[in-house]
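> The following comprises the amino acid sequence and a computationally predicted model.
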Number of protein chains: 2
Amino acid sequence: MVKRTSFENDDCPIARSLDAIGDWWSLLIIREALFGSRRFGEFQKSLGLAKNILTVRLRALVDQGILKMAPASDGSAYQEYLLTPKGRGVFPILVALRQWSEEFDDHPDEIATILVDKEKGRPVRKLELYSQDGRLLTAADTALKPRPGAKSSRKLRSISA
Amino acid sequence: MVKRTSFENDDCPIARSLDAIGDWWSLLIIREALFGSRRFGEFQKSLGLAKNILTVRLRALVDQGILKMAPASDGSAYQEYLLTPKGRGVFPILVALRQWSEEFDDHPDEIATILVDKEKGRPVRKLELYSQDGRLLTAADTALKPRPGAKSSRKLRSISA
DNA sequence: CCATCTGGTTTTATAATGCAACTACACAAG
DNA sequence: CTTGTGTAGTTGCATTATAAAACCAGATGG
């Protein structure tokens, strides 16, 4: 039984996020949704992915509470896919991915877009991580601590259910 | 030919990042590396993944300049895997994934660790995105603009080479 | 009422993932 | 020098995911 090693029972929050949105298409679907796409056909055309896969991905995102389905909006008797707050919460992840690419990609000249603030139209700053007392932190300034009331799910990896 | 749709020629920086580190294990390997792992066996034991897969992942990360191999360090005639600056640059992505999980996961009580600042030992703040003139931005305050000198690689998706 | 659009499902293929077993090498003990 | 132990892989299947393309049913539209 191989079952694509699920991380949903792992105690690492990064692994848990990856289990939810760490596949090839989910983040791009959420990107499109944040950018305004709502309809099956919109996602399919803008991403260029096969419809069967889009079907599966959309359903999974809805199941996880990242998207929700709404009955219509433009009159047509169809439905559309809208982001939930959980879905909109993915935004910083997308920004982090974008900025990593902008900073380290070998061919930054092929990047077609820049993220700007709507009001001034100027590029945004890099994401910043602060301590509670307002110091700017790098990776080296941080550490991991066990969470006080951790339920210790004892590394249940690869549980496949 | 199905070929797992490569995004490396896409003009979206998010897609490009995903192409590099968007698989299930790469980010976790980088997490372990940031946390101090250096040796093949360390990665293998802490992540619990099959050795053949670790082999492939490590090689890919080295090829992409995210890890580099160094000859030794503890005398033993083996080698170790160290993060490059590009690899350390992944840190904000991991923080964003962690914080998304902390905020939206259905079972936050199963999360075992918290990220703290080393100096005070207190949890870090949420990642923050600022405009150049210092305003705190949300997704709704941002927009995408075409990059001035964009080389327009015309949506070359699924190129498989 | 025939054509077309939307939002899928089905079929069939290829590719990725995973476990387990095996190899190769270094070094140390006996 | 032979056995043992740990490291760092490779090889061989089995299972699963992903993809393209064909198909299909219910609106919409002329």
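Perfect, thanks for sending it.

> any weak-confidence spans in chain A?
Counting by pLDDT under 70, chain A contains low-confidence ranges at A:1-9, A:73, A:75, A:149-161.

> all helices of it, in order?
All helices of chain A, identified by DSSP state H, fall at A:13-21, A:26-34, A:40-47, A:51-63, A:85-88, A:91-104.

> Please compute how far the shortest one lies from its chain's middle.
It stands for helix A:85-88. Centroid separation between helix A:85-88 and its chain, computed with C-alpha atoms, centre = their mean, to the nearest Å, is 9 Å.

> and stretch A:29-41, is it in reach of DNA strand D?
No: in terms of C-beta under 7 Å from any atom of the strand, no part of stretch A:29-41 sits within range of DNA strand D; the closest distance is 11.1 Å. (C-beta placed from N, C-alpha, C; glycine too.)

> Pull up the distance across that stretch, start to finish.
With C-alpha to C-alpha, to the nearest Å applied, stretch A:29-41 spans 12 Å between its terminal residues.

> That one near chain B at all?
Yes: Stretch A:29-41 comes into contact with chain B when judged by C-beta under 8 Å from any C-beta of the partner chain, the residues involved being A:31, A:34, A:35.

> Who wins on neighbours among the residues you listed?
Scoring those on neighbours with other C-beta atoms under 10 Å in any protein chain shown, the highest-scoring entry is residue A:31 at 23 neighbours.

> With distance to residue B:39 added, can I get the helices of chain A in a markdown table?
Rendered in a markdown table, the data for those read as follows (distance: least, C-beta to C-beta, whole Å):
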| stretch | distance to residue B:39 |
| --- | --- |
| helix A:13-21 | 21 |
| helix A:26-34 | 31 |
| helix A:40-47 | 39 |
| helix A:51-63 | 36 |
| helix A:85-88 | 37 |
| helix A:91-104 | 25 |
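
> so which of those is the most packed in?
Ranked by mean neighbour count, these are led by helix A:13-21 with a mean of 24 (mean count of other C-beta atoms under 10 Å in any protein chain shown).

> which ones are touching residue A:120?
The neighbours of residue A:120, taking C-beta atoms under 8 Å, 6 or more residues apart in numbering or on different chains as the test, are B:131, B:132, B:133.

> any idea how far it is from residue B:142?
Separation of residue A:120 from residue B:142 (C-beta to C-beta, to the nearest Å): 11 Å.

> do the same with residue A:26
According to C-beta to C-beta, residue A:26 stands 21 Å off from residue B:142.

> cool, and residue A:32?
For residue A:32, the distance to residue B:142 under the criterion C-beta to C-beta works out to 15 Å.

> How about residue A:70?
From residue A:70 across to residue B:142, the span is 24 Å (C-beta to C-beta).

> These two: which has the busier surroundings?
Taking other C-beta under 10 Å, residue A:70 and residue B:142 do not tie; residue B:142 has more neighbours (19 against 11).

> Tell me, how many residues neighbour residue A:118?
Burial of residue A:118, expressed as a neighbour count using other C-beta under 10 Å, amounts to 11.

> quick one: it and residue B:144 touch, right?
No: using C-beta atoms under 8 Å as the test, residue A:118 is too far from residue B:144 to be in contact (10.1 Å).

> Not counting sequence-adjacent ones, nearest residue to residue A:60?
In space, and not counting its chain neighbours, residue A:60 is closest to residue A:26: 7.3 Å by C-beta to C-beta, 6 or more residues apart in numbering or on different chains.

> quick one, what contacts that neighbour?
If you count contacts by C-beta under 8 Å, 6+ apart, then residue A:26 has A:20, A:57, A:60, A:61, A:66 around it.

> before we move on, what about residue A:123?
With contact set as C-beta under 8 Å, 6+ apart, residue A:123 has these partners: A:114, A:115, A:116, B:132.

> cutoff 6 Å now
Residue A:123 makes contact with A:114, A:116, according to C-beta atoms under 6 Å, 6 or more residues apart in numbering or on different chains.
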